[in-house]
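Trainee: Got a sequence here, can you model it:
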Amino acid sequence: MKKTKLGEFEELVLLTVIVLGEEAYGVEIKRELEERLNEKLSVGSIQSALKRMEDKGFLTSEFGEATQKRGGKRKRIYGATPLAHRVLHEIKTVRAGLWTSIGDLGQSLKPI
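Mentor: Just a heads-up that it's a prediction; the model follows:
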């Protein structure tokens, strides 16, 4: 696996960017993650993760069109880079291998 680190929260944000596609902007990423995690998140935590991943080369961003609904402000829309896809695939492979190694224990794990 490549030495580039991707934290758990960053991984979730990155996966959400991919799921949302052209709708991957701050507020929508936050909404989607809150729904899936069933918890409240701060806008700052999302923005920090997006900035870190853009700096690491996992994301690109561009401004969308200004809209009246947003008071003339433009959305910053994010997209995953080929590096992000490659690293996510590596992480998925490692996790799947670990779950396979756990074997029957994995089925006996109970939620807390």
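
Trainee: could you pull out the strands for this structure?
Mentor: Assigned by DSSP state E, the chain shows strands spanning 59-66, 74-80.

Trainee: shouldn't residue 60 be in contact with residue 50?
Mentor: No. The criterion here is Cβ atoms under 8 Å, and residue 60 misses it with residue 50 at 10.9 Å. Bear in mind the C-beta positions are built from the backbone N, C-alpha and C, glycine included.

Trainee: Pick out whichever of those two has more residues nearby.
Mentor: Neighbour count, other Cβ atoms under 10 Å: between residue 60 and residue 50, residue 50 has more, with 23 against 13.

Trainee: looking at it, the more buried one is touching residue 13, isn't it?
Mentor: Yes. Between residue 50 and residue 13 there is a contact under Cβ under 8 Å: 6.6 Å.

Trainee: which neighbours do the two share?
Mentor: Taking Cβ atoms under 8 Å, 6 or more residues apart in numbering as the criterion, residue 50 and residue 13 both touch residue 29.

Trainee: quick one: common contacting residues for residue 60 and residue 50?
Mentor: residue 78.

Trainee: Quick check: closest non-adjacent residue to residue 15.
Mentor: Spatial nearest neighbour of residue 15, chain neighbours left out: residue 88 (6.9 Å); criterion: Cβ to Cβ, 6 or more residues apart in numbering.

Trainee: Show the pLDDT at the one you found.
Mentor: Looking at residue 88, its pLDDT reads 96.

Trainee: Now for it: which residues touch it?
Mentor: Residues in contact with residue 88, defined by Cβ under 8 Å, 6+ apart, are 6, 11, 14, 15, 18, 80.

Trainee: What is the nearest of those to residue 36?
Mentor: Within those, the smallest distance to residue 36 is 9.4 Å, found for residue 15 (Cβ to Cβ).

Trainee: Which pLDDT does the model give the closest one?
Mentor: For residue 15, the pLDDT comes out at 97.

Trainee: Noted, bye for now.
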